[in-house]
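K.L.:
Fold the stuff below for me.
(chains A and B)
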Amino acid sequence: MVGAGGGGRLPKSSKHYGLTALCPIKLGTAPGRNSSYEAVVRETLAGLDSHERSPMARVPNTYLARLYILKDVFYEGRSQQEHLKSQYLFFGSDFHGELEPYLRGMWENIEPEVRLIWQHCVAFGSSVNSAESFVDYIKKCQVSNTFLFNGSNDRPLAEQLKGLYLKQEFGDFVASHQGASDDELRSAFLSFAERVQVTKLDGPTWRPGAQTLESARTHS
Amino acid sequence: MSNVAGKAQALNVWTPTRRKGIENRIIFWVLPRFFKKKLRGLQTLSLIHYARWVIIAPKDFPNLGEGQPTEELRHHYECFLSNFNGNWDQYIDSFSMSLGTGLDMLWFKNVGFPNSVPIEPFHAYINANSIPTDHYYSAYPLAASNDVKAAQRVRDSLVTLAGSASGMSPKQFRQAYDDTIRKHQDDISRLDESVIVSLATEAVQNQARQEAF
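P.N.:
Down below sits the predicted model:
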């Protein structure tokens, strides 16, 4: 599924939204630190937990997300060299749904981490103190996608995770019921369906961000 | 710092365009509208979860006041972000094979772009213009994009099968069950954890396991 906005205005392909934001980092040395604001932001990002403990695992409907620092533009050695005057915190997220509810969900679920990550960005401290002001802030930092590609699907994350849970469980069921009689098979499947709750999205299912089968299965 | 989240890998590439990226903007406008067949290569590639190209003009760099200097750049920059499965060499080789010279269109006349064939200079160009990710998150590190798509198909069929199983005779159920398995024989393979890419990663995983108990 491919989406590209006329003039690059649309950041969506169907219900998949690709957020691209460049948040300018303050210039100079962070108070009380012998480091630049940029170095402090980088240190903060490096200290974030990963996988199911990543703050992004608590943000509803996040498929994939990344944070990195754009320190400068690249010089190819062929034309006049140029440099950025500010460094930027790059925030990219692929998620299901619309931008504003997504960002509100982000603020509501991980406000402390949002403050920690963005505290040294220009105008964050002076303008962001609520979900709505966070939405406004990120929209000011948003840049339009020129071409957005979806090689997966755009279902809500809960459906994707439930699907993965069921795929795994059903694979096990099929493997362990080869050779069963018709009666045994139907009876076993009814028990299986009762256990996995096929239509119930909030559990049993997989935990967002889980990187081992052990930890993925514990969510129910 | 990590470009890897289980089976997903992040790529961030920034390249300067020529002539304010006008041709690139036109290409990205025209491609999905009139050359969908060309893009099927990307779809069948099946290595990509989500990807995007963003052409950024100097004026597009957000300026939020409070003394932030205005950017004074001559070039417009093309930013490419991808979430893919496998390693970079596999990805870029598959990318090149599935799109062929169509790949050249995606970085058309970017400054220093050596064209996608031969592949070594192309690898070097992408590597030289890549930025490491400081924090990368995937909601399903155990799954490739094909797994996510297959899982949805399995779920849709299981909803139907589970909804009707109790009203079927054992023989009718056997028929429906076998039909489901036949339909999804490529979809119900088991997922497993990604291979350990380094001893450091393994140590982190072991530590996380210990902390969980």
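
K.L.:
make it CA atoms for all contacts and neighbour counts henceforth
P.N.:
Noted.

K.L.:
In chain B, which helix is the longest?
P.N.:
The longest helix of chain B (DSSP state H) is helix B:145-165.

K.L.:
in whatever helix or strand comes next after that helix, what's buried?
P.N.:
The element immediately downstream of helix B:145-165 (helix or strand, assigned by DSSP states H and E) is helix B:170-183. Judged by neighbour count using 16 or more other Cα atoms under 10 Å in any protein chain shown, the buried positions of helix B:170-183 are B:170, B:173, B:174, B:176, B:177, B:180, B:181.

K.L.:
got the angle for helix B:170-183 vs helix B:145-165?
P.N.:
Calculated by axes from the mean of the first three to the mean of the last three Cα atoms, to 10 degrees, helix B:170-183 forms an angle of 170 degrees with helix B:145-165.

K.L.:
same for helix B:170-183, what does it pack against?
P.N.:
Under the contact definition 3 or more Cα pairs under 8 Å, 6 or more residues apart in numbering or on different chains; DSSP states H and E, helix B:170-183 sits against helix A:182-196, helix B:145-165.

K.L.:
which residues touch it?
P.N.:
Helix B:170-183 has contacts (Cα atoms under 8 Å, 6 or more residues apart in numbering or on different chains) with A:182, A:183, A:185, A:186, B:157, B:161, B:165.

K.L.:
Point out where chain A drops to low pLDDT.
P.N.:
For chain A, the stretches with pLDDT under 70 are A:1-13, A:218-220.

K.L.:
Where do the domain boundaries of it fall?
P.N.:
With domains defined by automatic domain parsing, chain A comprises A:2-149, A:157-217.

K.L.:
and stretch A:82-89, anywhere near chain B?
P.N.:
Yes - judged by Cα under 8 Å from any Cα of the partner chain, stretch A:82-89 comes into contact with chain B at A:82, A:83, A:84, A:85, A:86.

K.L.:
Tell me the span between the first and last residue of that stretch.
P.N.:
End-to-end distance for stretch A:82-89, by Cα to Cα, to the nearest Å: 19 Å.

K.L.:
How about stretch A:61-75?
P.N.:
Stretch A:61-75: ends 37 Å apart by Cα to Cα.

K.L.:
circling back: tell me which of the domains of chain A approaches residue B:113 most closely.
P.N.:
domain A:2-149 (9.1 Å; Cα to Cα).

K.L.:
now the strands for chain B?
P.N.:
Counting by DSSP state E, the segments of chain B that form strands are B:4-5, B:8-16, B:48-56, B:77-85, B:135-138.

K.L.:
how about those, which one is nearest residue A:94?
P.N.:
Closest to residue A:94 of the strands of chain B, according to Cα to Cα: strand B:48-56, at 7.3 Å.

K.L.:
Name the strands paired with the closest one and say parallel or antiparallel.
P.N.:
strand A:147-150 (antiparallel), strand B:77-85 (antiparallel) (DSSP bridges).

K.L.:
Skipping its backbone neighbours, what lies nearest residue B:135 in space?
P.N.:
Once flanking residues are discounted, residue B:135 sits nearest to residue A:67: 5.1 Å by Cα to Cα, 6 or more residues apart in numbering or on different chains.

K.L.:
if I look at the one you found, how far off is residue A:208?
P.N.:
According to Cα to Cα, residue A:67 and residue A:208 sit 18 Å apart.

K.L.:
Let me see the domain layout of chain B.
P.N.:
B:4-128, B:145-212.

K.L.:
Rebuild those as CSV, extending it with distance to residue A:94 and mean pLDDT.
P.N.:
Output for the domains of chain B, formatted as CSV (distance: least, Cα to Cα, whole Å; pLDDT from 0 to 100):
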stretch, distance to residue A:94, mean pLDDT
domain B:4-128, 7, 84
domain B:145-212, 13, 84
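
K.L.:
so of those domains, which one's packed in deepest?
P.N.:
Mean neighbour count (mean count of other Cα atoms under 10 Å in any protein chain shown) peaks for domain B:4-128 among those, with a mean of 18.

K.L.:
Alright, that wraps it up for me.
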